[in-house]
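Novice: take this sequence and fold it.
(chains A and B)
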Protein chains: 2
Amino acid sequence: MSSPKNQKIVVIGASAAGLKSAARAKRLMPEAQVTVLDERSFISYGACGLPYYLSGDVENLDKLRETVYGLIRDPDFFATVKGLDVHTGIRVVRFDPERKLVEAVNLKKDERPVFPYDKLVIATGARPRPLIGVQPGEACSFFHTPEEATALRKGLETGQISSVIVVGGGFIGVELAGAFSELWGCEVTVLEATDRLLPQLMDAEMSASIAGQMRRNRVEVHTGMPVTRASTEGGKALVAAGGKSFRADRVVVAVGVVPRISWALESGIETGPCGGVAVGERLETNLPDVFAAGDCVEVVHRLTGRPVLIPLGSLANRQGRVVGDNLAGKLTRFGPVAGSACVKIFDWNVATTGLSVVGAKQNGLRAKAIWGTFMDSAHYHPEHKQIFLKLVYEEGTRRLLGLQACGAGEVVKRVDVLASLLHREGTLEDLLELEFCYSPPYNAPLDPLHTLGCAALNQEESGIPGIRPDSSLANRYVLDVRTPEEITDEYPTPTGAVNIPLQELRSRVDELPQDEPLLIVCAMGTRSSEASRWLVSRGFTDVVYLAGGMNLRVQR
Amino acid sequence: MSSPKNQKIVVIGASAAGLKSAARAKRLMPEAQVTVLDERSFISYGACGLPYYLSGDVENLDKLRETVYGLIRDPDFFATVKGLDVHTGIRVVRFDPERKLVEAVNLKKDERPVFPYDKLVIATGARPRPLIGVQPGEACSFFHTPEEATALRKGLETGQISSVIVVGGGFIGVELAGAFSELWGCEVTVLEATDRLLPQLMDAEMSASIAGQMRRNRVEVHTGMPVTRASTEGGKALVAAGGKSFRADRVVVAVGVVPRISWALESGIETGPCGGVAVGERLETNLPDVFAAGDCVEVVHRLTGRPVLIPLGSLANRQGRVVGDNLAGKLTRFGPVAGSACVKIFDWNVATTGLSVVGAKQNGLRAKAIWGTFMDSAHYHPEHKQIFLKLVYEEGTRRLLGLQACGAGEVVKRVDVLASLLHREGTLEDLLELEFCYSPPYNAPLDPLHTLGCAALNQEESGIPGIRPDSSLANRYVLDVRTPEEITDEYPTPTGAVNIPLQELRSRVDELPQDEPLLIVCAMGTRSSEASRWLVSRGFTDVVYLAGGMNLRVQR
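Specialist: Here you go, the predicted structure:
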């Protein structure tokens, strides 16, 4: 066995996790011989940037593999700057954990090279989730490789593509919808198999706001539309879904990814319940001296303690450093993950962290929620914008479980801060202790998370619930406490609602029926909550309010 | 004594802390009689918005006291919406803690009303810090009241003011400089008594970047310039400072605030070492049933455990809720504060939290720092912008102490997230576990705080220091590892530096002198750090690198 200093390290996969592991190990052990193998020739590119290449925001694909100072990250770069041996066009077919050998095929020559290792890193990422009925071809493709992106961009530039069907309403699907639509003006139809967009991250009513945002930007959105066939017919795309057929110039399938690990199963690598490599805290696998990182591994969810697949570049990069440390004998752990993610949808920012209510219940947690509509900065500041938040917490313990956020204003900051509380098992009370920078261009004196935390605590303590923004308003006496000026075509009053502005409520309370269940609505959910509490103090017994207000409700 | 339910609560001061206390108490105890007293007639306005009224961003002063739905927050609003009795034009002169009486003067009539209370809240805020030699008059004013702001705005609108001297380089001072300059095009001179702008929050070298930003926007900045006289001469402003005299159309003095509490001292209220009301965790004072909140109280600093004055609207609002709870017999605490703050300076965002190195050392803490220059989002995304960060941590324990941030990109998010770590005694290692939403418009896969945390850990573990961005480069062999294309007039190479791009370093290392101390520089501090570590592994013994790189250094 080689001594640690000049050991041989072989890394399979030249993307974020693999190259980060390799570079970190080499930095810590300059004498080590670090080899990175990848079957592709175009490596180390920012795959998350592919939709931005498609949209035209990124000029050419090389930009995605350029350093901030303009060097292309090719094998020569890794050799001269990082001291790594990166071999492209090398497909690994198996490894032998006993003899510590990696067996590969050289795709450029008829050779079967073998790489001995002292330590091995598996960072082979993920591949598109296959979908039965999809026949890739001229007018039908996945969206995973630079080649696929290039073909689509050419079609857009030459005007051959002016209508597109996107199969899958996850993060990539909604990004693609915007990419095809904004600059290129394509007619875009999104087909999602489940009942909502972003099904992994959003509950139905928040997802409905996002569908609304897409439709307001002229994207056709169909949910509950499982695709049974997608193919090329006469050079155009033909898609069958939910008993209907759809036609367009192209169909792009983006229904998620699965770990690219089947090649290693016969070598004895163990996978977990989600099909990713099962790893321990140090990202070690079941095999001696074999580590794994990136989209091919399962991570532990911070809130459920269960293994999950969260294929994100942000995690892959952090895992790379952890593996690099451990290769060098430095004990470093990769902790559980809350799963923060964000996406731009036209002029909306969308971000989530932790569990949705649906996700929490699937994991046996008793989840409750509160919603709120807010301005993201001082409302008198000319650049303030509206945001919509849904906070998920555990009933009883008041432990924070997650946040879903969308709107034209700043939501990512709030989600990032909430994620930091999830990492320390924060509760609703902890929200009130958060310290946010305050100045009118950046915030209101109380951040939306403060106010939302208060609303959740009020809901718990007063027993007056804020009801879901898409609730039926039937079977209740609906009181709208907005000013008459606020009731507009864009923000109408619910059918049959009675309007008594909050500032007149104390003097006109006798107009309300004492014996009917009341539902109070306002614009953003603050006044209706306040009115509800006051009405309960006046003896009304069955009072609820519309959380997030009409401003959130009308986003659907 | 009244029963809790219908008790009499008197609140002195109708700004954020007072009105929030009052409204919260009334909400929890609808039977209570809650009276709020203020000597001013214009109440409940967003004082932090005054600079934005001056700048023209906010059309008129009423916008600062309007709710988000367009109602003016005057006494009638508080009566009808919140059920509070708000009396304006009432100046409280003393209170009797034995007999529980507040004695006041009615400024509108010749009356001396007396208000009995069961519980009292002192929320009288702060007043401008007086400065010897300042003679307020036609061309010389403070910037604290709506009247002062109105007079200045009129002078700008009528063209009477085209040059201004701002005395004080704190948050308000730098905000004012922008407000006078951006829309109105005034010639602005800032005179700061200490050696730097934002002296409470920034260390000298970060402050120098901010002075650079001001100067690039044509603001004249003089530090180390204590003003000894500011007055009106022939209708114009005359200022004497540091042995020089300055003339302009107006001089505005903004050298901070002091608690407005002297009126209450004879009633027996105790103040702390900083001159603010000394309060306990529940914001109770030394006197029975007397609470205090807002700019007039001292808070506990999260990192030093010592009392400090942090007069911020964000804290005042949070304190208001805590006092309201306690008035209603609900035990709620107000925790220690890290002191997050932010300000917009032309197109730069500036934010800080926790302690500066200077501040930490003044408090007996062994502080170290690391700097970094980053893009705030994926560098291939067209909207990425540059940011500069300085992280402060404790030597040995690696406990996080603070963050200073500035630049055209998103810095507030990073500061808000770091503040959340300060609240749980986070360490450098905790930075690596942070989870940030990632998508190219919002971030790089690794957030700047991850990379900065790694840089700090590398500094600790490798012993290779990142030196201050404004360090002298003399007495060292300076190696610039940027590409030749990066060396421009805007970002020049240090005098006498030798340029070997990082990608050539491994092959050209023999050109470096083995026996001289080396200083490595690059653009942002990443490559120079990497080069340093490799050079040390090659036997070079005295190697340092310029933290934050030339991009930060040239901001001065």
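
Novice: going forward, measure contacts between C-alpha atoms and count neighbours the same way
Specialist: OK.

Novice: chain center to the helix or strand hosting residue A:120: distance?
Specialist: Assigned by DSSP states H and E, residue A:120 belongs to strand A:119-122. How far strand A:119-122 lies from its chain's middle: 28 Å, per CA atoms, centre = their mean, to the nearest Å.

Novice: just checking, residue A:536 touches residue A:543?
Specialist: Yes. The pair residue A:536 and residue A:543 qualifies as a contact (CA atoms under 8 Å) at a distance of 7.0 Å.

Novice: these two: which is more packed in?
Specialist: residue A:543 (22 against 15; other CA atoms under 10 Å in any protein chain shown).

Novice: measure the residue lying closest to the more buried one once chain neighbours are set aside to residue A:124 for me?
Specialist: Leaving out its chain neighbours, the residue that sits closest to residue A:543 by CA to CA, 6 or more residues apart in numbering or on different chains is residue A:518, at 4.8 Å. From residue A:518 over to residue A:124 the distance is 57 Å, taken as CA to CA, to the nearest Å.

Novice: check residue A:488 too.
Specialist: 54 Å.

Novice: name the SS class of residue A:361, please.
Specialist: helix (DSSP: H, G, I helix; E, B strand; the rest coil).

Novice: and for it, the neighbour number?
Specialist: By other CA under 10 Å, 13 other residues sit near residue A:361.

Novice: just checking, it touches residue A:392?
Specialist: No. Using CA under 8 Å, residue A:361 is not in contact with residue A:392, being 11.1 Å away.

Novice: shared neighbours of those two, anything?
Specialist: Listed contacts common to residue A:361 and residue A:392 are residue A:367; contacts here mean CA atoms under 8 Å, 6 or more residues apart in numbering or on different chains.

Novice: measure stretch A:374-388 end to end?
Specialist: End-to-end distance of stretch A:374-388: 6 Å, with CA to CA as the criterion.

Novice: for stretch A:179-199, same thing?
Specialist: Stretch A:179-199: ends 20 Å apart by CA to CA.

Novice: just stretch A:502-515 next, same as before
Specialist: So stretch A:502-515: terminal residues 20 Å apart, CA to CA.

Novice: which residues does it contact?
Specialist: In this structure, residues lying in contact with stretch A:502-515 by CA under 8 Å, 6+ apart are A:481-483, A:500, A:527, A:531, A:540, B:77, B:80-81.

Novice: tell me the two of those residues that are most distant?
Specialist: Greatest spatial distance among the contacts of stretch A:502-515 (CA to CA): A:540 and B:77, at 23.5 Å.

Novice: so which of the two has more stuff around it?
Specialist: Neighbours were counted for residue A:540 and for residue B:77 using other CA under 10 Å; residue A:540 has more, 18 against 15.

Novice: excluding chain neighbours, what is closest to that one?
Specialist: Among residues not flanking residue A:540 along the chain, residue A:514 sits closest, at 6.2 Å (CA to CA, 6+ apart).

Novice: helix/strand/coil for that neighbour?
Specialist: coil.

Novice: helices and strands around the helix or strand encompassing residue A:10, which ones?
Specialist: Residue A:10 belongs to strand A:8-12 when assigned by DSSP H and E. If you count contacts as 3 or more CA pairs under 8 Å, 6 or more residues apart in numbering or on different chains; DSSP states H and E, strand A:8-12 packs onto helix A:16-28, strand A:33-38, strand A:114-116, strand A:119-122.

Novice: would you mind listing the buried residues in the shortest one?
Specialist: The one in question is strand A:114-116. In terms of neighbour count (16 or more other CA atoms under 10 Å in any protein chain shown), strand A:114-116 has its buried residues at A:115-116.

Novice: give me the helices and strands touching it, please.
Specialist: Counting contacts by 3+ CA pairs under 8 Å, 6+ apart, strand A:114-116 is packed against strand A:8-12, strand A:101-106.

Novice: export the ones you listed to JSON lines and tack on mean pLDDT?
Specialist: Output for those, formatted as JSON lines (pLDDT from 0 to 100):
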{"stretch": "strand A:8-12", "mean pLDDT": "98"}
{"stretch": "strand A:101-106", "mean pLDDT": "98"}
